[in-house]
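In: Please work out how this folds:
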Amino acid sequence: MFASDRGKRLMVVVDVAKKAVVASVKLAAGPDYVRYVPSLGEVWVTEPGAEQIEMFSIPKDGTPTPSLVGKVHVAGGPESLVIGAERAYTHLWKRETIALDLHAHAVAGRWKNGCAESRGIALDEQRGLLFAGCDEGKATAMDLRQGGKVVGTADTAKGVDVIAYSPQLHHLYVPGEDSAEMTVLDVAADGKLSVVTTVPTAKGSHCVAADDQGGAWICDPHGGRLLYFKDAQ
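Out: Predicted coordinates for the structure are as follows:
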């Protein structure tokens with residue numbers, strides 16, 4: 001398991017069986033998102049303060065000590081990160097989304113995402129849809145097969161940050177920390193978004209993760225707890 005130590009500016013490797021940190025690497029700047037690239041055995045770490053993403057290789061055998069193998073500059077970002085089969089995607093803080101080639105460690109595309117203030121990101125690779133959460137209280141769906149064209153949009157709770165997607169239910173979860181609510185959106189095959197329900201959360205609840213059992217887990221940082229929402233199609 002891979003995580004960041006923001007205080008020490010480290011990316012750490014955790015052996016789950018040992019329940020211990022077994023390796024680490026110093027980062028060039030303060031970390032935000034940490035994502036694993038299974039096809040390459042790499043870990044990518046966003047560093048918004050330095051406007052870059054660092055890429056680290058993890059050896060298959062022996063001590064899993066990370067080694068720097070790449071770095072890409074993302075002017076105006078990066079905000080959030082999601083990994084696909086051939087490309088990764090991240091936002092700029094305002095209005096745009098960037099595609100990154102996994103193998104070349106380079107920018108491979110750029111387009112408008114429909115947000116004034118871009119925040120959370122999620123991917124439905126099977127349908128070729130990429131989602132953006134907008135801080136102002138909105139979510140959008142972009143069709144990657146049409147060059148990132150915005151094909152769906154819906155109003156949501158305000159203060160959007162981290163979003164999540166359930167490929168089993170085709171539901172997008174969009175919490176808003178300002179509104180203390182989470183908007184659940186249905187995603188049609190063509191990317192159209194429609195509101196399913198609005199769920200009360202807690203003030204400051206700005207992040208969510210979806211499991212594969214129809215559940216969504218929402219953070220409550222002020223309460224020091226997780227809130228659970230059982231979804232139903």
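In: and stretch 223-233, how far from the chain's centre?
Out: 18 Å (C-alpha atoms, centre = their mean, to the nearest Å).
In: got it, and stretch 33-44?
Out: Between the mean C-alpha point of stretch 33-44 and the mean C-alpha point of its chain there is a distance of 13 Å (C-alpha atoms, centre = their mean).
In: ok, residues contacting it?
Out: 2-4, 11, 45-46, 53-60, 66, 69, 78, 80-83, 85, 88, 102-103 (C-beta atoms under 8 Å, 6 or more residues apart in numbering). Yep, even glycine has a C-beta here, placed from its N, CA and C like the rest.
In: Got a PyMOL select line for the buried ones in these?
Out: A single PyMOL command suffices to select whichever of those are buried according to 16 or more other C-beta atoms under 10 Å:
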select buried, resi 2+4+11+45+46+53+54+55+56+57+58+66+78+80+81+82+83+88+102
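In: So which of the contacts of stretch 33-44 belong to strands?
Out: The members of those that map onto strands under DSSP state E are 2-4, 11, 45-46, 53-57, 69, 80-83, 88.
In: and the closest residue to residue 81 other than its chain neighbours, how many neighbours does it have?
Out: Sequence neighbours aside, residue 33 is the residue nearest to residue 81 in space, at 4.2 Å (criterion: C-beta to C-beta, 6 or more residues apart in numbering). By the measure other C-beta atoms under 10 Å, the count of residues near residue 33 is 19.
In: and the closest residue to residue 12 other than its chain neighbours, what are its phi and psi?
Out: Of all residues beyond its chain neighbours, the one nearest residue 12 is residue 24 (4.5 Å), with distances taken as C-beta to C-beta, 6+ apart. Residue 24 has phi and psi values of phi -160, psi 170 when expressed as degrees, to the nearest 10.
In: How about residue 3, nearest residue that isn't a chain neighbour?
Out: Counting by C-beta to C-beta, 6+ apart, residue 3 lies nearest to residue 12, which is 5.5 Å off, once chain neighbours are set aside.
In: nope, residue 22 is what I meant
Out: residue 15 (4.6 Å).
In: distance of that neighbour from residue 1?
Out: Between residue 15 and residue 1 the distance, using C-beta to C-beta, to the nearest Å, works out to 8 Å.
In: Also residue 104?
Out: For residue 104, the distance to residue 1 (C-beta to C-beta) stands at 27 Å.
In: low-confidence ranges in this structure?
Out: Applying pLDDT under 70 to the chain flags residues 233.
In: List the residues that contact the residue nearest to residue 12.
Out: So, once contact is read as C-beta under 8 Å, 6+ apart, residue 24 ends up touching 5, 10-13, 66.
In: what about 10 Å?
Out: Residues touching residue 24, when contacts are defined by C-beta atoms under 10 Å, 6 or more residues apart in numbering, comprise 3, 5, 8, 10-14, 65-66.
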